Each structure stands twice: as C-alpha cells, then as structure tokens.
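> The sequence isn't on hand, but the structure is:
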C-alpha cells in the first residue's frame, strides 16, 4: 500500500469519527423523503473521493449523490464548486464556479467539469482556464482533459496559451508535467503580446510549437511568421526564451518591412533591446536593393542597423557604398555612416559624406560631418547639408553650393536655398557669385525670382567683366533694373580709379553712379585724392566733382570750384581759379584753367604765381610735377628771393632740393652782378651755380666768361672752364686774363658788396695789363694786394713805350701789379728784341722792375747780346739803355773780330770792367 492510500484512509477514518461526534453531539435528524437522504455539513469519503459540502443529498433509488458548496479531494487534486454530483458509476460532475488545484502547482477554473472514475481524468467542454503561477503560465480552451495531478493536460478549441510576455492562440495544446513541455498543435497565432518594456506588439502565425515550462523556451521547426510592429520575420526554426525574451530564428530566414524583402542567415536576440540579423544580408523592394555583412534592430528606438560593406543600388543606376546604414521605422529615416566616406553615385549625381540621413516619407536629405555633392545641375561641399526634394528648400552649414546651369555659387557659415524661388539666404562669411557678380558680406539675401539682392551688413560687390568693386555698409541690388543702391558710406574701386562717398545710386546698364554727398575720388594708384560735396562717375571713364573741390596729391592740397576727372587719360580738368599749397614745404600757388595728370603727377596751368619759404615764382605757363616737387615755368618765368632773381623762358625748380634749372638761355641778377648763360642750374639753398657759356658782368664793368661755370654765388667763388676770359681793374687799369680754366674768388667789402679777391687761371693762362703779358699753366691774380703769382711754364712778355718786347720765362714768378716788379725763380730765360739785335740772358733768379727798366739777374748768369757772352754771378740789365752790369766771377767772351779780352779777377769782381755797346 502506497503512502497516498494510507493518507486517504487516515483522512476517511478522521472524517467518520468527526461525523459520528457531530451526529451524536448535535442530534441531527435524518429524514427519509422519497428515498432521498439529505445531510448538512456533510463529509463524504470513499476510496476515490473525499468530499466536504454544506449539504449532501443521496438518491437511494438511483445511487446518485448531490453536493452543494462542495470541496472534493481526488488523488491529491482539490476541486471546489457550487454544485457537485456523483452518478451511479461514481463519476464526479462539478458545476458553477469550479476551481481545481493540483499538487503540481496548477490551478484551473471552469463552470462545469467531470471526473471520470474509470480513466481518472477530469474533463470540461465549456471552457477551462488553467494557471501555473509558479511558472507564470496560463492556458485556456473550450475542451479540457487532464489527470488529477495535471501531469498530462490537453486543451482544444480556441486554445489560448499565455505567459508573461506572450499570448498564443491555437487549435490544441498538450502539457506533460514530466518533461514540462507544452505542445501547441495545428495552426497557432501569437497576437497582441508586449515583447519587452514599451518595445511594441509582437504577433505571428505558427504550425506546431513546443513550450518548455522549465526553461521557458518556445520552439518550432515549422515555417512561421512573426509580426513585430509591422515587421514580419519569417523562418523555419524558432527558439524563443519567454523569460529572458532571447530568441533565434533560423533556416529560410527573411524579413518583410516597409515593402522590402530582406534575406539573412538567422535572427537572434539576447533578450535586450537589440535583435541581431546574422550572416550576409540582402534586401530589395523591387526598386531599391541593398546588402551588408550583418544587421541589428533596436526594439526601443525601432531602428534597423545594417553594418559592414553596406551596398545599395536602384533601378535608375544609383549605387551606394557605406560602412553602416540605420533605418528608423517610426520616422522612416535612413541614416548612412562611414569612417571614411559614404559614397552614393547615380547617372545624375554623386555624394561623398561621413553621415547621410534621408527621410523617405518627406523627401528630406541630411549630409553631416563633411560632405561633397556633385550633379549635372548642382555641386556642393561643406560640413552639413539639408535638402527637401518636395519643397525644393535646403541649407548648407559651413560650405558652398553651386548651380551649374545658372552658374551661381554661394558659400558661408549657413546657406539657405530655395530652388523653386531661385533664392539664397547666406549668413556668416557670406559669399555669392553668378556670371556677372560676386557678393561678399556677413549676410546676403539673394531673391532670384523676386529680382532683388539685399545686403543688410557691410558688403563687397565685385563685377567680373568690369573688374570693379563696391564696398559699403548696406546695399540693395535690383536684378531687373540693374540699379544698385548703397546706403551710408561706400567705396568703389575699378582698374583705374577709386570713388568713395555717402549714398550711392549706380546704374549697371549705363555704368553711371551718382553720389549724394561726401564724394571722394582717387586715381588708379590711390596717390591722388579728390573731395567734393557731390557728383557722379562712370566706370573707368570719368568722375565729375560738382562743388568745393579739394585735391590732394603727395604733400599738396588744391582748392577749386569743380573738376572733371577723365579716368582713361588720367587727367583732371579744373576750370577757373586754382589755389594750392604744400604744408610740408610751406609753398603756395595760384593758377587758372589747370589740368592735373594723376598718373604722371603733373599739374599744368596758366598765369601762375607762387611762393615757398624763400622764393616767389611766376610764369605764363606752369607744369608742376607734384610728386617730385618740381616746377617747370615757361614764358616770362621768374624765380626770385631776397638776393637772386632768375629769369628765363623755361625754368625748372624743385622745391624739395631748391635747385633751379634752365635748359635754355637764362639771366640771373645777383647783388652787383648780372649772369647770363645758355643753360645752367642754381641751387637756391646753397647758391651753387653751374652753367654753360656763362657771362658775368658787374656794375664795375668786370667781366667773366667761360664755356662752363661752377661755384657758389654767396661767396662768389666761381670756377670757369673752357675758353675762359675775364677782365678786372687795377686802379682803374684793366687787367685781362684768359685760359682753359679760371677760379675767381670774391669777398664782401665793408659795404657788403662782392669784390674780386683773387683769380686763379690754369692751363694756358694769360694775364695782361697794359704792356705786360704773363703766361703760365698757373697764374694767380690778387687785385686787392696787387700781386700776381705764376708757376709751371711761366712767361712774361714786356713791351715798353718804344715797342721793344722782352720775353721772360721761369719756373715761377711773383709780381706786384702796382709796382710792376716781377720776381722770377728757376731757369730764368730772358729774350729781348731791339730792332735788329736780340739779347738772351739766363739765370737762376731774376727780378723785373718794369717801371725802372731794370732786369736783375742772379745766379749762374749768362748774357748773350750777339757780340759777346757774359757769364757772372750777378748782372743788372737796363732795358732802356740796353746795358748789362755784371758782378762776381765775370767772364766775357767777345764775338766781334775774334778779339778776346780777359780782365783781371779783381777787376771783374769789383765790377770795374764793363761792356758798353752803343
């Protein structure tokens, strides 16, 4: 006898004892009515059953028993219900609010159940719900059959199998407690189950499922379909852990999602948020196809991720290469990511980017983390890009976009564009370019179809064909009328000139711009500046300055009433009076009807009068080279300071160097001198003069001439070179000189007038006074001291009143022009010609006393008068008497009749012997 039977017998004995005590203790009365025995508080025990009930009715004739509010224990199963019935075969039938509990932890509920004593099974055909709380399983069905221990349970007819995470509808389900397997037979349907927290609804169709209650694993080896929020997962093999939510789908696996059929080797999940798609993956919707190494689906984000060598194609010839593709089911967003570059190519375009996002429903395209986009119509490059193909609107972040058809190019920190409106709104380092123009600013609003370009901030506008530029604070361009307006200060720069001002209205068709006020124009180099109240200009042709002209070039400032600046010629025509000044050099001037050549920096005008710190200038015509500070004065030209007046038909004066040049004949009045030359230069600062063919005359009738002259007027130290001649006066007697070179020194007398202090004549120098002519390679005349000095090949020619000429040569001579005494030193040679006689004398030294008619010879004296030769240490020669008086070591050699006479030495030494010629 097993333990269960022993237990049951103990229970029966206990029930009988309790029943006995109850019977006798309460004196219950048993009534017999129509062979029915009714017992309240009944306990019914048999070998098969133990039943407790509020009321028991035994039908004696039929051997049937009815219980109310019964509790039955059958082989360890406890059954409760409102009504219970034992038929004659001792089969138990329960009705209304039935609850059954097995020793294996199962419970079931029904409204009608039957226990078949013969086979020991409990059955129900009106719907049963069985629950195993420990395992978290609920099974329901129309038809129920189970043993009392619920070790084998069979459900059929509208079967529902429920766990914590899923609900399965099936035709039939079997449970075997020994192997803890629930077999779900026939067609089954998984519907409306929450698979994971807030992850969505899972449904599916199956044929034949097994659920292991112990491991919580659901499996099938038949073809099935799982629908997860519209994603259909297909396969022939399923392993699903209901507890961990981990699963694996294998064999003939594919997915249907958003019109795509996606093939792979298997689908797995570890129960977390991700579902893995394993093996090579490929998919298509008939138009688009893709493939990759593997994929992942996130149940929370509802995003599908395709990884590894991702490729895509479409029927139009498009090709896609990337490292990873992410598709969001909720937003229909496709994102492509690559470490290097995602590449998309088609017959129309090509995209390279690290991150691409495409919203398939709205047609919005995002390119991120650097991209390049090429197409037949558009090119673009930058950090980020957005485009909506439906609206035609988009933007670029830190990049550019080019319309190849319209030849438009835009770049900036952000570029918003509208292809339908042909508009661009560029913000931050804004740049826009088309066939004709370039716009640069911090913000550019280009409205193509509306026909306007707005520049609300500082801007630069460049015209390509004209090669000119506008800069300003704020601008507006009408694309239809081609009128550009600049508000506030602006700057216009062309190839040849610059114009600035306030408020510009510029007509691109005519090329003429009007300036409301503060007009400023520059020449092509920017070195000449023109200011005026208002005016107008035409590109590369003219600038007209209408009122209160101020011209600045270098250091000069010019004021006039108006001007016409002809840009091509680089000439500025200024009618009427012109006043200019140089603040640096402190010079001013006035002229009329002037022309300023901006490229050459030359001013021409009429009736000029001007002055600087020291000089006044005037001429009928002026050319003023402003950059060099050089004046060219023509016709009646004059440059004058306190000491000097320079006149000529053409005078060139540089106010920087203060040098005046005359390339033509000129005249200078300086102190008591008048200077005339064919050409020359005068440094007004140093009074240094150079010139050609110069003639100088003083009020004292002194004259100086030379092919070239150079020297300083202030001290009148002048060098004359080439064909030099001159005349000075010695006590009213003229002294003439000439030579190849002469230097004349002057000094101021007590009255401050210049007088000749010294004349140096060199190379073929000749000095002549009355009957005396001196020759030398160097002659020096000092009129004040009345001295003359000569060296190097000196020669003196003396002519007396009788016309007798005496020629004297020596190495050096010194003479007094007043006393007419000349000292000769070195190789003295004297030649005197008197009628038919010639006297030759030589000595080491000599002194000519012209007024006394005496020539004194000293040292190695030799006198040859043609008749005799006298040699002595000294000799005096009287040019008037033609007699020689010799002294010291006298020797006479007579040439007449070959007679010789030698006197004693004492006589010669005493000078007693004389040679007398009559």
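Nice, I can see it. Computed from a prediction, not measured in an experiment: that's the story for all the values here.

> so where is the stretch 601-750 of the chain shaky, pLDDT-wise?
For the stretch 601-750 of the chain, applying pLDDT under 70 flags the ranges 749-750.

> Show the residue spans covered by the strands in it.
For the stretch 601-750 of the chain, applying DSSP state E, counting those that start in this stretch gives strands covering 602-611, 616-625, 630-640, 644-654, 659-662, 666-670, 673-677, 679-683, 688-698, 703-712, 717-730, 733-748.

> okay, those in a markdown table with distance to residue 782 next?
Yep, even glycine has a C-beta here, placed from its N, CA and C like the rest. A markdown table is the format used below for the strands of the stretch 601-750 of the chain (distance: least, CB to CB, whole Å):
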| stretch | distance to residue 782 |
| --- | --- |
| strand 602-611 | 41 |
| strand 616-625 | 38 |
| strand 630-640 | 34 |
| strand 644-654 | 27 |
| strand 659-662 | 32 |
| strand 666-670 | 23 |
| strand 673-677 | 20 |
| strand 679-683 | 28 |
| strand 688-698 | 17 |
| strand 703-712 | 16 |
| strand 717-730 | 10 |
| strand 733-748 | 9 |
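
> most tightly surrounded among these?
Greatest average neighbour count among the strands of the stretch 601-750 of the chain goes to strand 659-662 (a mean of 23), per mean count of other CB atoms under 10 Å.

> mind listing what that strand pairs with, with the direction of each?
If you go by DSSP bridges, strand 659-662 pairs up with strand 644-654 (antiparallel), strand 679-683 (antiparallel).

> Which strand residues bridge the spatially closest residue to residue 607 that is not a sequence neighbour?
Of all residues not flanking residue 607 in the chain, residue 592 sits nearest, at 5.1 Å (CB to CB, 6 or more residues apart in numbering). Residue 592 has the following beta-bridge partners by DSSP bridges: residue 577, residue 606.

> when you give positions from now on, start the count at 143
From this message on, residue numbering opens at 143, which makes the last subject residue 734.

> Over to stretch 558-573 now: how far is its first residue from its last?
Its start and end residues considered, stretch 558-573 measures 12 Å (CA to CA, to the nearest Å).

> Enumerate the positions of it that are buried.
For stretch 558-573, the buried set under the neighbour-count rule, 16 or more other CB atoms under 10 Å, comprises 558-561, 564-569, 572-573.

> Tell me which of those fall in strands.
By the criterion of DSSP state E, membership of the buried residues of stretch 558-573 in strands covers 558-560, 565-569, 572-573.

> which of those residues lies closest to residue 593?
Among those, residue 565 lies closest to residue 593 (CB to CB), at 10.7 Å.

> pretty sure residue 518 contacts residue 544?
No. Residue 518 is beyond contact range of residue 544, at 11.7 Å (criterion: CB atoms under 8 Å).

> The two: who's more crowded?
residue 544 (20 against 10; other CB atoms under 10 Å).

> rewinding a little: just the buried residues of stretch 558-573 now: which is nearest residue 762?
Closest approach to residue 762 among the buried residues of stretch 558-573 (CB to CB): residue 573, at 56.8 Å.

> correct me, but the closest one touches residue 584?
No. Checked against CB under 8 Å, the pair residue 573 and residue 584 is beyond contact range at 10.6 Å.

> Pick out the residue nearest the middle of the protein.
With distances taken as CA atoms, centre = their mean, residue 571 lies nearest the centre of the chain, 10.2 Å away.

> can you redo the ones in strands among the buried residues of stretch 558-573 as a markdown table with pLDDT and distance to residue 483?
Output for those, formatted as a markdown table (pLDDT from 0 to 100; distance: CB to CB, whole Å):
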| residue | pLDDT | distance to residue 483 |
| --- | --- | --- |
| 558 | 95 | 25 |
| 559 | 94 | 23 |
| 560 | 94 | 28 |
| 565 | 93 | 30 |
| 566 | 95 | 26 |
| 567 | 96 | 29 |
| 568 | 96 | 26 |
| 569 | 96 | 27 |
| 572 | 95 | 28 |
| 573 | 95 | 25 |
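
> Now flag whichever of those residues is closest to residue 1002.
Closest to residue 1002, out of all of those and judged by CB to CB, is residue 573, at 104.5 Å.

> Per-residue pLDDT of the nearest residue to residue 305 once chain neighbours are set aside, please?
Using CB to CB, 6+ apart and skipping residues adjacent in sequence, the residue nearest residue 305 is residue 384, 4.6 Å away. For residue 384, the model assigns a pLDDT of 79.

> ok, so what distance separates residue 384 from residue 279?
The gap separating residue 384 from residue 279 is 9 Å, by CB to CB, to the nearest Å.

> Please identify every residue contacting each of those two.
Residues touching both residue 384 and residue 279 (CB atoms under 8 Å, 6 or more residues apart in numbering): 305, 353.

> Just the helices from the chain, written as ranges.
All helices of the chain, identified by DSSP state H, fall at 145-168, 1047-1052.

> Okay, and the beta partners of residue 620?
residue 594, residue 625.

> and it, what does it touch?
Listed by CB under 8 Å, 6+ apart, the contact partners of residue 620 are 593-594, 626.

> And the buried ones among those residues, selectable in ChimeraX?
This is the ChimeraX syntax for the buried subset of the contacts of residue 620, where burial follows 16+ other CB under 10 Å:
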select :626
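
> wouldn't residue 396 be in contact with residue 403 here?
Yes. Contact criterion CB under 8 Å: residue 396 and residue 403 qualify, at 5.9 Å.

> returning to what we had before: which one of the buried residues of stretch 558-573 is nearest residue 357?
Of the buried residues of stretch 558-573, the one sitting nearest to residue 357 (CB to CB) turns out to be residue 558, at 59.3 Å.

> distance of that closest one from residue 535?
Distance, residue 558 to residue 535, by CB to CB: 7 Å.

> And for residue 775?
72 Å.

> before we move on, what about residue 916?
With the distance defined as CB to CB, residue 916 ends up 110 Å from residue 535.

> And those two? Which one has more around it.
Each of residue 916 and residue 535 has its neighbours counted (other CB under 10 Å); residue 916 has more, 27 against 17.

> Excluding chain neighbours, give the residue nearest to that one in space.
Among residues not flanking residue 916 along the chain, residue 909 sits closest, at 4.4 Å (CB to CB, 6+ apart).

> partner residues bridging the one you found?
Assigned bridge partners for residue 909, using DSSP bridges, are residue 879, residue 916.

> tell me the pLDDT at it?
pLDDT for residue 909: 85.

> do the same with residue 445
87.

> tell me the contacts of it?
Applying CB under 8 Å, 6+ apart, we find residue 445 in contact with 439, 468-471.

> out of those residues, who's nearest residue 290?
Distances from residue 290 to these, taken by CB to CB, are shortest for residue 439, at 46.2 Å.

> dump the residue contacts of the nearest residue to residue 589 once chain neighbours are set aside.
For residue 589, ignoring the flanking residues on the chain, the nearest one in space by CB to CB, 6+ apart is residue 565 at 4.9 Å. Residue 565 makes contacts with 559, 587-592, as judged by CB under 8 Å, 6+ apart.

> What of residue 483?
Residue 483 makes contact with 494-496, according to CB under 8 Å, 6+ apart.

> same deal with residue 980?
Residues in contact with residue 980 (CB under 8 Å, 6+ apart) are 973-974, 1008.

> Give the burial count for the nearest residue to residue 885 once chain neighbours are set aside, as a bare number.
Nearest residue to residue 885, sequence neighbours excluded (CB to CB, 6+ apart): residue 902, at 4.2 Å. Other residues near residue 902 number 20, with proximity taken as other CB under 10 Å.

> Go ahead and confirm residue 324 touches residue 303.
Yes. In this structure, residue 324 is within contact of residue 303 by CB under 8 Å, at 6.4 Å.

> Many thanks, I have nothing further to ask.
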